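Student: Sharing a sequence plus its predicted fold:
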Amino acid sequence: MRPTKLFRTSSFRLTLIFAGLFATLVLILFGVIYWLAADYASEDEKTEIGIEFSAIEDEAKLAGYDHLPQIIADHLRERNDIRAVYLLSDRNGRKIAGNAPEMAPRVGDMKLDLKLDGKKRNIRAQGFYLANGDYLLLGQDAYSFHEMKELIARAFGVGAAATLFAAVLGGILMSRGVLGRIEMVSRTSRAIIAGDLSRRVPLGGTDDEFDDLAASVNAMLDRIQDLMERMQQVSSDIAHDLRTPLTRLRQRLERARRHAGDDAAFHRVLDSSIADVDAILETFGALLRIAQIEAGGKAAPLGEVDLSALVADLVEDFRPGAEDRAQTFDAEIAPTVAILGDRELLTQMLVNLLDNAVRHAPPGAHIRVTLDRASGFATLVVADDGPGIPIGEREKVFRPFYRLESSRTTQGSGLGLSLVAAIVKQHGAKIGLDDNEPGLRVTVAFPPYQAAGFVPPISLPDLRKAS
């Protein structure tokens, strides 16, 4: 990873911004603490000098002001460790006692540069007049005061430098980690662009937001790959299944142009051609409908559908056709079974299921439709005792244009169950094909629905079994 790329990352720039902000706050904190500490030390020195002056004056009152030189000498000896400064002068400014050089009397706080013990020192002091008229200067070397301020400055300087270093280092490490995860997504994207649709973004196993993003991207890629494979399959199936009716239509029209000798023959050819065109248009309409449903399109907003009434009406519509084929048509429908769905799509699904049962079951077959509610699921079953579907073919019949060999002699495009599967998926339901011993049993389980609204199930039963 190039350093220039690392320094251009948003995470690194954000780290620098926060580091700068934090450093600014540290400097402000340093200024406040420095000012408070210096002010506190200065006031403490003033208080200490005031206490020392009171003590000296009290001792002088008790022992007599004539003993002031001795009192000053005693105090100077006791406070030599802090480099105390004393000067006792008479009212004319002549030095009487102390370790400070003679100077003009001055009352109040003052800062002095005095030469003590052969060294020039910075002194913080106060001047007082005693009751007998003498002048007393009390102070101490400001070395400790300056050392304290330097110590605070060094501490904050080292702390600020360490903070900035840690922030920059953390920004580099964090940026490298972020860039590494992003680079994995980029590599996967480039591989997919190059044509490898099987590539997926690897998960880090940390269960963080990057893993969530990777899982979402992988789910999206799975969906895209599935749609691409379906599109390729559908394109191949369209080319294969529509070639025959289109070729037949063209041949019929060609024969009519050459050989139709009267209007009746010509009209018969036109009728047959129109029927072929209608079948082709119906195929394209079904394909478009499947595409719309799988893309999330809905014919109408979802609403409460009385599935019991809908199934009962359609069973009555199909019963005459079944009786014409000498088939028996039984129904056992539980009342007031409602689901949340699209009534038009559900009608299309039921029509396809019932039409398949009637059309593919032989004359004399028994067809049974049941609808009930078990464990909260609305379960629809369409069963017949016809030829059924072999176990190995049950998953394939949901693919567009797939037809069993036994069904190729009957009318149809092979899109009926594909449309049913799309509608079932649109409603969050599950569909399964089972052996009716003999025949086929189609089971559709819809999610629980209450009057207050749709209640998505934790897990619908897996009905699409091969047994």
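Tutor: Received, thanks. Residues are numbered from 1 along each chain as shown.

Student: Contact partners for L76?
Tutor: Applying C-beta atoms under 8 Å, 6 or more residues apart in numbering, we find L76 in contact with 84, 86, 98-99. All C-beta atoms are positioned from the backbone trio N, CA, C, and that covers glycine.

Student: close enough to count as contact, L350 and D313?
Tutor: No - the pair L350 / D313 is not scored as a contact, 9.3 Å apart, by C-beta atoms under 8 Å.

Student: In terms of packing, which of those two has more residues around it?
Tutor: Neighbour count, other C-beta atoms under 10 Å: between L350 and D313, L350 has more, with 24 against 13.

Student: Grab the nearest non-local neighbour of the more buried one.
Tutor: Excluding its sequence neighbours, the residue lying closest to L350 (C-beta to C-beta, 6 or more residues apart in numbering) is L314, at 5.0 Å.

Student: The one you found sits in which helix or strand?
Tutor: helix 307-324 (DSSP states H and E).

Student: helices and strands around the helix or strand harbouring I367, which ones?
Tutor: Per DSSP H and E: I367 is located in strand 366-374. Applying 3 or more C-beta pairs under 8 Å, 6 or more residues apart in numbering; DSSP states H and E, one finds that strand 366-374 makes contact with helix 307-324, strand 328-333, helix 343-360, strand 377-384.

Student: Can you tell me what sits against the second one?
Tutor: By that I understand strand 328-333. If you take C-beta under 8 Å, 6+ apart as the criterion, strand 328-333 is touched by 308, 311-312, 315, 318-319, 322-323, 365-372.

Student: Among the residues you listed, name the buried ones.
Tutor: 308, 311-312, 315, 318-319, 322, 365-371 (16 or more other C-beta atoms under 10 Å).

Student: which of these has the weakest pLDDT?
Tutor: Lowest pLDDT among the buried ones among the contacts of strand 328-333: A322, with 83.

Student: quick one, phi psi at the residue nearest in space to the middle of the chain?
Tutor: Centroid check for the chain by C-alpha atoms, centre = their mean gives E209 as the closest residue, at 5.6 Å. Main-chain dihedrals, E209, degrees, to the nearest 10: phi -70, psi -30.

Student: so where do the helices sit in this structure?
Tutor: Here the chain has its helices, by DSSP state H, at 3-7, 10-63, 68-78, 143-193, 209-241, 243-259, 263-294, 307-324, 343-360, 416-426.

Student: Just the buried positions in the last one, please.
Tutor: Which is helix 416-426. For helix 416-426, the neighbour count (16+ other C-beta under 10 Å) marks 416-424, 426 as buried.

Student: Just checking the distance from that helix to the centre of its chain.
Tutor: 32 Å (C-alpha atoms, centre = their mean, to the nearest Å).

Student: tell me which residues of stretch 57-70 are tucked away?
Tutor: Buried, per 16+ other C-beta under 10 Å, within stretch 57-70: 57, 59-60, 68.

Student: between the residues you listed, which is closest to N436?
Tutor: E57 (119.3 Å; C-beta to C-beta).

Student: Please give me every residue in contact with the closest one.
Tutor: With contact set as C-beta under 8 Å, 6+ apart, E57 has these partners: 130-131.

Student: Report pLDDT for it.
Tutor: E57 is assigned 85 on the pLDDT scale.

Student: quick one: it and F128, what's the gap?
Tutor: 8 Å (C-beta to C-beta, to the nearest Å).

Student: for G50, same thing?
Tutor: Distance, G50 to F128, by C-beta to C-beta: 9 Å.

Student: Looking at the two, which has the bigger crowd around it?
Tutor: Neighbour count, other C-beta under 10 Å: between G50 and F128, F128 has more, with 18 against 13.

Student: Done for today, thanks.
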